[in-house]
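In: please work out how this folds:
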Amino acid sequence: MAGTAVLGVCGLVILLFAARALGAADYAVFGLFWSALFFAVAVLSGVHQETTRAAASAGVGSGERGTPLIRFALVMALSAGVLIAATSPWWVRPTLGAEHGELAVVVALGATGYTLTAVMCGVLAASGRWGAFSVLSMTEGLGRLAAVAIVLALALGTTPLAWAVISVYPLMLAIGAWSVLRRPGVTTRVPDSMGRLLSNTLHTVTAATAIAALVNGFPLLMATFAGDASQETVGAMTLAVMLTRAPLLVPLVGAQGLLITMFASPGRSPWPLISKLLVGVAVVGVVLASLAGTLGPWVLRTAIGENFSLPGHVLAMLVVSSAALGALSLSSPALLAANQHVAYVIGWVVATALAVFLLWVLPLSLELRAPLALLIGPLVGLAWHLGALARHSTKDRRSDSHHYARGETAA
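Out: Presented below is the predicted three-dimensional model:
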């Protein structure tokens with residue numbers, strides 16, 4: 001959590017510095033690049049989740065049979081980079097603009113580098129190497145902040161700024177490889193076949209795509225469905241969405257590996273833990289929404305500029321919607337630990353589809369459509385997740401009672 005906190009704070013500082021240096025119109029380009037990159041990163045976090053599950057299920061040590069995780073990492077990383085580059089003609093023009101087509105290459109290379117680090121982080125999480133895991137998170141945050149600070153100080157423009165954002169991945173790969181290879185007890189091979197890993201990853205990546213659309217990629221959706229909103233409004237809403245997401249969602253997304261291992265404890269009911277987590281995120285959400293509604297407009301005007309100012313009720317609604325997303329993120333590891341991949345996917349797909357539909361059809365301004373869509377969609381997805389978890393728990397209790405009854409009869 002400490003490592004994830006450093007990563008989140010560094011991301012916030014980068015967004016604030018870039019907004020102040022670029023202004024609302026130019027920041028819209030950088031903000032949409034940031035959204036595209038971390039949309040891809042969030043999609044590929046499904047690779048991290050499946051690696052954590054597979055390595056945790058395999059136990060400590062590396063045998064001679066099974067699938068080497070390095071092979072899995074290379075397949076997923078190359079596939080991600082090629083897919084993003086191949087599809088760039090369809091998504092670059094309506095979001096970043098034709099004049100910024102080179103940024104698609106940066107997104108593709110960044111996604112490739114992240115995928116390799118995601119597998120390393122999954123291995124470290126499953127093996128309980130939380131110190132090394134946190135070092136990677138801190139390296140990503142601090143390294144990226146340093147690189148971006150240099151480019152902003154030299155005023156080199158948006159393309160060098162984009163390269164600075166992804167420049168940290170080679171350093172992370174070197175540190176991650178050293179952390180994994182120097183510890184013989186770390187699981188580097190799993191009993192699952194490559195086909196099984198890819199099938200499970202397809203489920204987690206599908207759900208992660210829905211997650212990414214609501215979290216990291218939502219500014220791209222806002223730009224697509226902006227209607228008659230000005231470029232300055234899109235830039236201001238992009239910054240507001242990112243700022244109100246980070247305090248709640250960055251720690252929760254970063255802790256997915258930890259939560260999966262906690263929910264996966266044999267014989268442990270998920271309900272006491274998930275109840276505490278949901279109450280906690282609700283309380284934090286209410287407190288942060290109150291602060292955003294009262295102090296947010298003044299902070300934006302003073303720290304960044306008048307053209308980034310938004311009404312307090314819009315900022316408060318965005319924070320509440322972030323809490324709803326956080327709750328949905330907390331129900332996800334419980335379903336993954338229970339091997340309920342399909343229910344996990346359905347919840348996120350329903351949440352995303354409903355949010356996008358509302359963003360498209362609601363007859364309101366962008367400032368109101370966006371937070372309402374981000375609130376209603378995740379709440380419906382959360383209801384599905386909790387219902388699926390309840391059904392699974394009931395099924396497990398019936399199965400245990402059946403086995404107990406059979407044992408009593410045999411005795």
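In: state which helix of this structure is the longest.
Out: Longest helix of the chain, by residue count under DSSP state H: helix 2-58.
In: roughly how far out does that one sit from the chain middle?
Out: Chain-centre distance of helix 2-58: 7 Å, with C-alpha atoms, centre = their mean, to the nearest Å.
In: pLDDT of the helix or strand just after it, averaged?
Out: Following helix 2-58 in sequence order, the next helix or strand is strand 67-68 (DSSP states H and E). For strand 67-68, mean pLDDT is 81.
In: can you classify N216 by secondary structure?
Out: Here N216 takes the coil state, with states given by DSSP: H, G, I helix; E, B strand; the rest coil.
In: please, where are all the helices along the stretch 151-300 of the chain?
Out: Secondary structure of the stretch 151-300 of the chain (DSSP state H, counting those that start in this stretch): helices located at 158-166, 169-181, 194-214, 218-224, 231-254, 256-263, 271-303.
In: where in the protein is pLDDT low?
Out: The model of the chain has pLDDT under 70 over residues 59-65, 94-95, 97-98, 183-186, 246-250, 253-254, 266-267, 395-411.
In: hmm, 50 instead?
Out: For the chain, the stretches flagged by pLDDT under 50 are 61-62, 404.
In: for I346, which of the helices of the stretch 151-300 of the chain is the nearest?
Out: helix 194-214 (8.5 Å; C-beta to C-beta). Quick note: C-beta positions are derived from backbone N, CA and C, even for glycine.
In: and the closest one, what other elements does it pack with?
Out: helix 2-58, helix 69-95, helix 312-337, helix 341-361, helix 366-410 (3 or more C-beta pairs under 8 Å, 6 or more residues apart in numbering; DSSP states H and E).
In: so can I have TSV of the ones you listed showing distance to L288 and mean neighbour count?
Out: Putting those into TSV (distance: least, C-beta to C-beta, whole Å; neighbours: other C-beta atoms under 10 Å) gives the following:
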stretch	distance to L288	mean neighbour count
helix 2-58	13	22
helix 69-95	29	17
helix 312-337	5	24
helix 341-361	20	20
helix 366-410	14	16
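In: distance to I166 for the ones you listed - can I get that in a markdown table?
Out: Formatted as a markdown table, the helices and strands packed on helix 194-214 follow (distance: least, C-beta to C-beta, whole Å):
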| stretch | distance to I166 |
| --- | --- |
| helix 2-58 | 7 |
| helix 69-95 | 12 |
| helix 312-337 | 24 |
| helix 341-361 | 26 |
| helix 366-410 | 27 |
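In: mind checking those for the one nearest to C121?
Out: Using C-beta to C-beta, those put helix 2-58 closest to C121, at 5.7 Å.
In: one step back: with mean neighbour count and distance to A19 as added columns, please give the helices of the stretch 151-300 of the chain in TSV.
Out: Below are those laid out as TSV (neighbours: other C-beta atoms under 10 Å; distance: least, C-beta to C-beta, whole Å):
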stretch	mean neighbour count	distance to A19
helix 158-166	21	12
helix 169-181	17	24
helix 194-214	21	22
helix 218-224	22	13
helix 231-254	22	5
helix 256-263	20	28
helix 271-303	16	9
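In: pipe those into JSON lines and attach distance to R93 per row.
Out: JSON lines is the format used below for these (distance: least, C-beta to C-beta, whole Å):
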{"stretch": "helix 158-166", "distance to R93": "16"}
{"stretch": "helix 169-181", "distance to R93": "26"}
{"stretch": "helix 194-214", "distance to R93": "19"}
{"stretch": "helix 218-224", "distance to R93": "11"}
{"stretch": "helix 231-254", "distance to R93": "16"}
{"stretch": "helix 256-263", "distance to R93": "33"}
{"stretch": "helix 271-303", "distance to R93": "30"}
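In: which of the helices and strands packed on helix 194-214 sits closest to A292?
Out: Nearest of the helices and strands packed on helix 194-214 to A292, taken as C-beta to C-beta: helix 312-337 at 4.2 Å.
In: next, the angle from that closest one to helix 2-58.
Out: 20 degrees (axes from the mean of the first three to the mean of the last three C-alpha atoms, to 10 degrees).
In: same for helix 312-337, what does it pack against?
Out: helix 2-58, helix 194-214, helix 231-254, helix 256-263, helix 271-303, helix 341-361, helix 366-410.
In: ok so, going back, so for S127, which of the helices of the stretch 151-300 of the chain sits nearest?
Out: Taking C-beta to C-beta, helix 169-181 is the member of the helices of the stretch 151-300 of the chain nearest to S127, at 8.7 Å.
In: the closest one packs against which elements?
Out: On a contact count with 3+ C-beta pairs under 8 Å, 6+ apart, helix 169-181 meets helix 103-126, helix 130-154.
In: now find how far off-centre that helix is within its chain.
Out: 21 Å.
In: neighbouring contacts of it?
Out: Residues outside helix 169-181 that contact it (C-beta atoms under 8 Å, 6 or more residues apart in numbering): 110, 113-114, 116-117, 120-121, 123-124, 129, 132, 135-136, 139-140, 143, 186, 188.
In: among those, which ones are buried?
Out: 110, 113-114, 116-117, 120-121, 123-124, 129, 132, 135-136, 139-140, 143, 186, 188 (16 or more other C-beta atoms under 10 Å).
In: identify the residues contacting A164.
Out: A164 is in contact with 144, 147-148, 150-151, counting by C-beta under 8 Å, 6+ apart.
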